[in-house]
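Trainee: Below is the sequence, then the predicted model.
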Amino acid sequence: MNKRISLGLAISLVAIGCAITFILTWTVSLNNYNSKIASTEKYEGVFKKLREMDATVRGNYIGTIDDDDLDAAIINGYVNGIGDQYASYLTADLYHDLQQANSGVINGVGFETEADGSGYLKITKIYNNSSADVNGVKVGDVITEIGGKSVLSMTIDNALKRISGEVGTTLSLRLVSNGEERSVTLIRQQIDVESVTYKMLENKIGYIKINSFNAKTPDQFSTALSSLNASGASAFVFDVRHNSGGVMSAVRPMLNRLIPAAAVITAEYANGVRKTLIETDSEESVSLPIMVLTDNLTSSAAEVFAVGLRDEQGAQLVGTQTAGKAVLQSTYEFSDGSALILTTANIIPSKSEKFNGVGLKPDYIVELSADAPYETLTQDNDAQLRKAVEVLSPKTGDNTTSDTTSGTNSANSETESDSESSDNSDTTSEDNSDSTSGSDNSNAENTESE
């Protein structure tokens, strides 16, 4: 028999429920409010100190203050203070450069730089057939003047702004190399980034060099793989040495050509939630023997590519221990076009141990000779490549030497010198970034990168 309750009791129960809900909501709101008040009070002292310092500087400093540079430096100070070695603040111009690099098409004179510790900029990479390339600019050249002005008189951000510019405009530089100075005038142009080159080695071993991971890399890689397969490749060597990573989203379609369906990489976020980051679903896979060349500059997305092949396809690694960057960055775009890159997740391989801060240990540890550093390697003196060929040759069923054929997915042909360095057009390293971004005023939905 159903029991009925009185109207008064029902009203009392509803009132009690509402009261409990109110108390819980009020408690959460109060905690949030107190947290914000505490945060405001915490930083009020910092803001007060900055106002006092700014007034002192502007009243006494004999130099000229660039407010844009000052603002960027203050923000960078906060980013540096959080202790995230991969975090960075990018001005609108630098973020635009990063987006260009990740797209696989850049505007510029055709080189990348990094601070050399003395206040100057050192050239770390030259793009094939660019204005820098055809005018004899070399990796290792140091930029001392830009447009007739000493680099020492600029901040790094300001120097990079002066190097960038509209397509068709000129850039004059003063360079120092081996103690000798020279001046060059370069033309800014649109450059398709050649991130993949390839050729056939002896015993029908297909060799593919991956310099970086950007939006165009999967198509370039697919072209290389299809061409070598059509030529009868019996094994593959994938070279990710001096590859600092890039767009994480580029790795998945490349692995999808090589390994069967598998959950290759998982991301673990700050709240403990785990999500599959790279999952292949293709029925297409490579059953041929695979070796991957690595070194201490093989980092992030390049390490994910290597560990995915080792875990899911039994590939072996040759070279030296990798950089050990197994964390994921997210990119937050702000309303003024600037952006924050922040580490937000750990990367977990499907089978291998976590390798962040440790790196991937090769199956065959091979050091390069001091007489043959990476920048000067040829097929003949590349001890790491020769070791890969040595291991693969008995597995190919063809111990005769074939003519080497080469090709690329663009008009540029592969040379025997693999003088590629890390892809860092934005003064930082991802992927960085799986970096398309969406903005929502000051805090956009993040995008993930390596």
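Mentor: Okay, I see it. Numbering: from 1, shown residues only.
Trainee: how does this protein divide into domains?
Mentor: 14-58, 105-191, 194-408 (automatic domain parsing).
Trainee: from those domains, which stretch is densest packed?
Mentor: Most buried of the domains of the chain, by mean neighbour count (mean count of other CB atoms under 10 Å): domain 194-408, with a mean of 20. The C-beta positions use only the backbone N, C-alpha and C, and glycine is treated the same way.
Trainee: ok now that domain, how far from the chain's centre?
Mentor: Relative to the chain's own centre, domain 194-408 is displaced by 14 Å; criterion: CA atoms, centre = their mean, to the nearest Å.
Trainee: Please shift the residue numbers so they start at 22 in all later answers.
Mentor: That works, and once the first residue is 22, the last one we named lands at domain 215-429.
Trainee: isn't V272 right next to I299, touching?
Mentor: Yes - using CB atoms under 8 Å, V272 is in contact with I299, at 6.0 Å.
Trainee: Give me the common contacts of those two.
Mentor: Common neighbours of V272 and I299, using CB atoms under 8 Å, 6 or more residues apart in numbering, are 325, 329.
Trainee: Which elements pack onto the helix or strand where D92 lies?
Mentor: In this assignment (DSSP states H and E), D92 forms part of helix 88-102. On a contact count with 3 or more CB pairs under 8 Å, 6 or more residues apart in numbering; DSSP states H and E, helix 88-102 meets strand 109-111, helix 177-184.
Trainee: immediately after the shortest one, which helix or strand?
Mentor: If I follow you right, that is strand 109-111. By DSSP H and E, the next helix or strand past strand 109-111 is helix 113-124.
Trainee: mind exporting that next one as CSV, just the C-alpha atoms?
Mentor: What follows is the C-alpha trace of helix 113-124 in CSV, where atoms were taken according to Å, rounded to 0.1, in the frame of the first residue of the first chain:
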residue,chain,number,x,y,z
ALA,A,113,51.7,38.7,-32.3
ASP,A,114,54.6,38.8,-34.8
LEU,A,115,56.4,35.9,-33.3
TYR,A,116,53.2,33.9,-33.1
HIS,A,117,52.5,34.6,-36.7
ASP,A,118,56.0,33.3,-37.6
LEU,A,119,55.3,30.1,-35.6
GLN,A,120,52.1,29.6,-37.4
GLN,A,121,53.8,30.0,-40.7
ALA,A,122,56.5,27.5,-39.8
ASN,A,123,53.9,25.0,-38.7
SER,A,124,52.0,25.5,-41.9
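Trainee: That one relative to helix 88-102, how many degrees between them?
Mentor: Relative orientation of helix 113-124 versus helix 88-102 (axes from the mean of the first three to the mean of the last three CA atoms, to 10 degrees): 60 degrees.
Trainee: Now helix 113-124: buried residues?
Mentor: Neighbour-count burial for helix 113-124 flags 115-123 (criterion: 16 or more other CB atoms under 10 Å).
Trainee: Mind giving me the packing neighbours of that helix?
Mentor: strand 126-129, helix 177-184.
Trainee: Could you dump those into TSV with distance to P415 added?
Mentor: Listed next are these as TSV, based on distance: least, CB to CB, whole Å:
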stretch	distance to P415
strand 126-129	42
helix 177-184	50
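Trainee: Turn the ones you listed into a markdown table, columns for mean pLDDT and distance to A256.
Mentor: Shown next, in a markdown table, are those (pLDDT from 0 to 100; distance: least, CB to CB, whole Å):
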| stretch | mean pLDDT | distance to A256 |
| --- | --- | --- |
| strand 126-129 | 88 | 33 |
| helix 177-184 | 89 | 42 |
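Trainee: quick one: which of those is nearest K416?
Mentor: Nearest to K416 among these is strand 126-129 (38.6 Å), distances taken as CB to CB.
Trainee: what's next to the closest one, contact-wise?
Mentor: 118, 121, 148, 151, 184-185, 187-188, 209-214, 237, 446.
Trainee: rewinding a little: can you give the distance from the helix holding D92 to the centre of its chain?
Mentor: 22 Å.
Trainee: Quick one: residues in contact with it.
Mentor: Looking at helix 88-102 with CB under 8 Å, 6+ apart, the contacting residues turn out to be 71, 108-110, 112, 176, 178-179, 361.
Trainee: now swap in stretch 170-178 and tell me
Mentor: Residues contacting stretch 170-178 (CB under 8 Å, 6+ apart): 87, 90, 93-94, 112, 115, 136, 140-142, 164-167, 180, 183, 448.
Trainee: at 7 Å instead, please
Mentor: Stretch 170-178 has contacts (CB atoms under 7 Å, 6 or more residues apart in numbering) with 90, 93, 112, 115, 136, 140-142, 164-166, 180, 448.
Trainee: how long is that stretch end to end?
Mentor: For stretch 170-178, the first-to-last residue distance is 15 Å (CA to CA, to the nearest Å).
Trainee: next one: stretch 173-193
Mentor: Terminal residues of stretch 173-193 are spaced 16 Å apart (CA to CA).
Trainee: Verify the stated contact: I286 with E300.
Mentor: No - counting by CB atoms under 7 Å, I286 stays clear of E300, with 8.3 Å between them.
Trainee: list the helices and strands the strand ranked longest in the chain packs on?
Mentor: Assignment by DSSP state E gives strand 360-370 as the longest strand of the chain. Packing partners of strand 360-370 (3 or more CB pairs under 7 Å, 6 or more residues apart in numbering; DSSP states H and E): strand 109-111, strand 283-290, helix 322-334, strand 348-354.
Trainee: what are the pairing partners of it, and which direction each?
Mentor: Strand pairing for strand 360-370, determined by DSSP bridges: strand 109-111 (antiparallel), strand 283-290 (antiparallel), strand 348-354 (antiparallel).
Trainee: What average pLDDT does the last one get?
Mentor: If I follow you right, that is strand 348-354. If you average the pLDDT over strand 348-354, you get 96.
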